[in-house]
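S.K.: coords please:
(4 chains)
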Protein chains: 2
Amino acid sequence: MGAMKTTSRASLQEPLLGLTGYVLRRASIATLAEFAERLAPLDLRPVDAALLILLDATPQVTHSEVAATLGLRRPNLVPVVVGLQKRGLLDRKRVDFRSEGLVLTQQGGALLKKVRRIIALHEEQLIERVPPELRPMVLPILMALWGHSA
Amino acid sequence: MGAMKTTSRASLQEPLLGLTGYVLRRASIATLAEFAERLAPLDLRPVDAALLILLDATPQVTHSEVAATLGLRRPNLVPVVVGLQKRGLLDRKRVDFRSEGLVLTQQGGALLKKVRRIIALHEEQLIERVPPELRPMVLPILMALWGHSA
DNA sequence: TATTGTTATACTCTATAACTATA
DNA sequence: TATAGTTATAGAGTATAACAATA
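M.R.: Prediction:
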């Protein structure tokens, strides 16, 4: 114990801490890891949680719509949907002859409740790190950096 | 042309756009992709640029220090260093018998100048998306979300 | 011709275990 | 024993091309 830390040189990363892009990425990586850890007990990943929320908000949403909304490529969405379907959390309903809508099952709805509690906790933990007077600016700033119109 | 977009359902992702964690991640992904695109003409990735900047700010920095600073695992840093060394951008100088410091070569310093210009442009582009009155809060908010003390 | 869901596949990034050599 | 650098390798996540079915 009390091992000598040779990694003790101070202010090593100063030149990067002033860069918005760098700090944005580090913040994203750190908070996503925390979120994933909170979701792990439900055997869900962040992408699964996002899909469940999307399905609940927009029943009968199609693969293509989900992929476009979440910024995923269609091929990469397939195993996500298959995985959740195998667990009985979502179901497919044919919309027309070439596309099918995804809907939450009752079981999926039940799990979603737990997911929402975890998300609420996570969001609370995030915002609490920010000084109170800056909190109203968090989402507007992130949306702006994203370049998202709405 | 004018193909019917079936992905036209409005406000599909509303439930996610209110989540700090989600928007943080989307913003990070989007801006990192832009940065990578700007760096590509120099045949560098974001991690290469970060390493060059770190080496310039802290000559003789060791592998372990770099890895800890940039949030990388030591094994994953090896090919990064090897790649830049093969291109003559950095060199190794033995510090003691078991660790070696990394230093920029003259060629590395020359390339770093171009990197700095790209970073400046990128940072400018990022901050310009944010309404002027919110700009001073960007870095403090991101640092807070990261949970970074300084 | 264009779109939806899909398969196969490859590439990048990240993670772990374990080795060596030094102390 | 503990640390620095390394090797090998495995696992995510993400990317493209191309197919069948349908319009």
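
S.K.: which residues does residue A:28 contact?
M.R.: Neighbour list for residue A:28: B:24-25, B:27-29 [criterion: Cβ atoms under 8 Å, 6 or more residues apart in numbering or on different chains]. The C-beta positions use only the backbone N, C-alpha and C, and glycine is treated the same way.

S.K.: let's see that with 7 Å instead.
M.R.: B:24-25, B:28 (Cβ atoms under 7 Å, 6 or more residues apart in numbering or on different chains).

S.K.: and those, which is closest to residue B:94?
M.R.: Residue B:94 has its nearest neighbour among these in residue B:28, at 37.2 Å by Cβ to Cβ.

S.K.: helix or strand: which one has the closest residue to the closest one other than its chain neighbours?
M.R.: In this structure, residue B:28 finds its nearest non-sequential neighbour in residue A:28, 3.5 Å apart by Cβ to Cβ, 6 or more residues apart in numbering or on different chains. Using DSSP states H and E, residue A:28 falls within helix A:20-39.

S.K.: at which residues are the helices of chain A located?
M.R.: A:14-17, A:20-39, A:46-57, A:63-70, A:74-86, A:106-128, A:135-146 (DSSP state H).

S.K.: gap between stretch A:15-34 and the chain center?
M.R.: 16 Å (Cα atoms, centre = their mean, to the nearest Å).

S.K.: could you export the contacts of residue A:28 as TSV, including pLDDT and distance to residue B:69?
M.R.: Converted to TSV, the contacts of residue A:28 look like this (pLDDT from 0 to 100; distance: Cβ to Cβ, whole Å):
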residue	pLDDT	distance to residue B:69
B:24	98	22
B:25	98	22
B:28	98	19
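
S.K.: re the thing from before, next, the angle from the helix holding residue A:28 to helix A:135-146.
M.R.: Following axes from the mean of the first three to the mean of the last three Cα atoms, to 10 degrees, one obtains 110 degrees for the angle between helix A:20-39 and helix A:135-146.

S.K.: tilt between helix A:20-39 and helix A:106-128?
M.R.: Using the same axes, to 10 degrees: helix A:20-39 against helix A:106-128 is 140 degrees.

S.K.: adding distance to DNA strand C, write the helices of chain A out as CSV.
M.R.: Below are these laid out as CSV (distance: least, Cβ to the nearest atom of the strand, whole Å):
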stretch, distance to DNA strand C
helix A:14-17, 15
helix A:20-39, 7
helix A:46-57, 12
helix A:63-70, 3
helix A:74-86, 3
helix A:106-128, 17
helix A:135-146, 19
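
S.K.: apart from its neighbours in sequence, what residue is nearest residue A:147?
M.R.: Using Cβ to Cβ, 6+ apart, the closest residue to residue A:147 is residue B:129 (5.8 Å).

S.K.: pull the helix or strand with minimum mean pLDDT from chain A.
M.R.: Among the helices and strands of chain A, strand A:90-94 carries the lowest confidence by mean pLDDT, DSSP states H and E, at a mean of 90.

S.K.: do that strand and chain B come into contact?
M.R.: No: judged by Cβ under 7 Å from any Cβ of the partner chain, strand A:90-94 stays clear of chain B, getting no closer than 14.8 Å.

S.K.: most centrally placed residue in chain A?
M.R.: residue A:46 (4.4 Å; Cα atoms, centre = their mean).

S.K.: residue A:58: neighbour count?
M.R.: 21 (other Cβ atoms under 10 Å in any protein chain shown).

S.K.: any regions of chain A where pLDDT drops low?
M.R.: Along chain A, segments meeting pLDDT under 70 span A:1-13, A:97-98, A:150.

S.K.: circling back: nearest to residue B:55, of the helices of chain A?
M.R.: helix A:14-17 (10.1 Å).

S.K.: who does that closest one touch, helix- and strand-wise?
M.R.: Packing contacts for helix A:14-17, counted by 3 or more Cβ pairs under 7 Å, 6 or more residues apart in numbering or on different chains; DSSP states H and E, involve helix B:46-57.

S.K.: and the helix it packs on, what does it pack onto?
M.R.: On a contact count with 3+ Cβ pairs under 7 Å, 6+ apart, helix B:46-57 meets helix A:14-17, helix B:20-39, helix B:63-70, helix B:74-86, strand B:100-104, helix B:106-128.

S.K.: could you dump those to a markdown table with distance to residue A:79?
M.R.: A markdown table is the format used below for these (distance: least, Cβ to Cβ, whole Å):
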| stretch | distance to residue A:79 |
| --- | --- |
| helix A:14-17 | 35 |
| helix B:20-39 | 20 |
| helix B:63-70 | 31 |
| helix B:74-86 | 25 |
| strand B:100-104 | 40 |
| helix B:106-128 | 33 |
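
S.K.: let me have these in JSON lines, extended by distance to DNA strand D.
M.R.: Shown next, in JSON lines, are these (distance: least, Cβ to the nearest atom of the strand, whole Å):
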{"stretch": "helix A:14-17", "distance to DNA strand D": "19"}
{"stretch": "helix B:20-39", "distance to DNA strand D": "7"}
{"stretch": "helix B:63-70", "distance to DNA strand D": "3"}
{"stretch": "helix B:74-86", "distance to DNA strand D": "3"}
{"stretch": "strand B:100-104", "distance to DNA strand D": "5"}
{"stretch": "helix B:106-128", "distance to DNA strand D": "17"}
